[in-house]
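In: okay, structure incoming, though there's no sequence with it:
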């Protein structure tokens, strides 16, 4: 073990003994190291490196049957359950369209994957965890019961990478970019001409705009900035009204989507939570810097959403009414957002 690895290991052991309930994501942030590095030196977990063939690994998950998928960013965590069945890959892009497992994968920066076993109280947790070149956890997949042990061990054996990954050096993440000078009038004219919500990314790219700056530019036309309390009102209303909705939570390398109704809402400190059998979402409200109600034209009529940004201007989460291409937006969702905006 290198001197750097030994130092991190000692700091991690001391930290975890003093903070036994802190999750590894938060520990890595406080220790100013990567989550992947902590995982590899954690003696309380069995970590098997897998071959760096991400599509192959992801397709193998089907053998586990029903699993729990988890994607997070610094402020929000989404967990859904389902089977990794319908998976498509086109170069560095991937797509999963299944009940419960609805994913958009951006594989360009994915680097390592591990089969992980850890003890938690009286049970063993088994997961497949994916990391990018910065040592950040991109996506995690958890087995749900002990009957899946044999299939999990088969994946670990078949896809094992025999190289010693005792410690990895990770790349430094580049500094966040700024928006470029742009023609606001032309930008808003092109926004008005959108035919599909998926065209919005290309609109931002053409004008060199960060998403949060686009929200500011369109205030009074296509966006409305709401009070930060609007997020909590949304959580309450979708449960009270049993509104069908879609939640998009992601990071630079993955987007995970929930579609359906939420049954249970609870606030715990600064965390807003949906806590259902098949769907959990945990949102740290103290990280919210801005909330926007957003309208985008489409061939199916206007599509409205709620977009939440961090203090640093990073997109944390988006909420839409449930819909599929070719369908107009639910009137009940539009009415719900109107009441949220009026609070």
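Out: Yep, it's here. Remember, it's a predicted structure, so these values are computed and weren't measured experimentally. Numbering: from 1, shown residues only.
In: drop to CA atoms for contacts and neighbour counts, all remaining ones
Out: OK.
In: measure residue 205 to residue 323 for me?
Out: Per C-alpha to C-alpha, to the nearest Å, residue 205 is found 26 Å from residue 323.
In: do residue 193 as well
Out: 21 Å.
In: quick revisit: and residue 205 and residue 323? Which one has more around it.
Out: residue 323 (15 against 12; other C-alpha atoms under 10 Å).
In: didn't the more buried one look like it was pressed against residue 333?
Out: No - look at residue 323 against residue 333 with C-alpha atoms under 8 Å: they stay out of range, at 10.2 Å.
In: so what sits against both of these two?
Out: Where contact means C-alpha atoms under 8 Å, 6 or more residues apart in numbering, no residue is in contact with each of residue 323 and residue 333.
In: helices along the stretch 201-343 of the chain, start to end?
Out: 211-217, 230-240, 331-341 (DSSP state H, counting those that start in this stretch).
In: with mean neighbour count and mean pLDDT added, can I get those helices in TSV?
Out: Below are these laid out as TSV (neighbours: other C-alpha atoms under 10 Å; pLDDT from 0 to 100):
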stretch	mean neighbour count	mean pLDDT
helix 211-217	18	98
helix 230-240	18	97
helix 331-341	17	97
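In: of those helices, which is nearest residue 77?
Out: Nearest to residue 77, of all the helices of the stretch 201-343 of the chain, is helix 230-240, at 14.7 Å by C-alpha to C-alpha.
In: what helices or strands is the closest one leaning on?
Out: The contact analysis (3 or more C-alpha pairs under 8 Å, 6 or more residues apart in numbering; DSSP states H and E) places helix 230-240 against strand 265-268, strand 271-275, helix 331-341.
In: make it 7 Å
Out: strand 265-268, helix 331-341 (3 or more C-alpha pairs under 7 Å, 6 or more residues apart in numbering; DSSP states H and E).
In: how far out from the middle of the chain is it?
Out: Chain-centre distance of helix 230-240: 20 Å, with C-alpha atoms, centre = their mean, to the nearest Å.
In: grab the most central residue of this protein for me.
Out: When C-alpha atoms, centre = their mean is applied to the chain, the residue found nearest the centroid is residue 250 (2.7 Å).
In: what are the bridge partners for that one, then?
Out: residue 255 (DSSP bridges).
In: now residue 46
Out: residue 117.
In: then residue 79?
Out: Beta-bridge partners of residue 79, as defined by DSSP bridges: residue 70, residue 280.
In: how much space is there between it and residue 282?
Out: For residue 79, the distance to residue 282 - C-alpha to C-alpha - is 9 Å.
In: show me the helices in the stretch 51-200 of the chain, by range?
Out: Using DSSP H, counting those that start in this stretch, helices in the stretch 51-200 of the chain cover 54-60, 149-158, 184-192, 200-207.
In: the third one versus helix 200-207: what angle between them?
Out: So the one you mean is helix 184-192. 160 degrees (axes from the mean of the first three to the mean of the last three C-alpha atoms, to 10 degrees).
In: now find how far off-centre helix 184-192 is within its chain.
Out: 29 Å.
In: how about the second one?
Out: Computed by C-alpha atoms, centre = their mean, the separation of helix 149-158 from the middle of its chain amounts to 26 Å.
In: and the end-to-end length of stretch 136-152?
Out: Between where stretch 136-152 begins and where it ends, there is a gap of 23 Å, by C-alpha to C-alpha.
In: run through who's touching it.
Out: Stretch 136-152 is contacted from outside by 34-36, 63-64, 67-71, 126-132, 253-254, using C-alpha atoms under 7 Å, 6 or more residues apart in numbering.
In: ditto for stretch 110-124
Out: 44-50, 52, 125-133, 156.
In: would you turn the helices and strands packed on helix 230-240 into TSV with distance to residue 102?
Out: Output for the helices and strands packed on helix 230-240, formatted as TSV (distance: least, C-alpha to C-alpha, whole Å):
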stretch	distance to residue 102
strand 265-268	22
helix 331-341	21
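In: these: which one's closest to residue 215?
Out: Using C-alpha to C-alpha, these put helix 331-341 closest to residue 215, at 15.5 Å.
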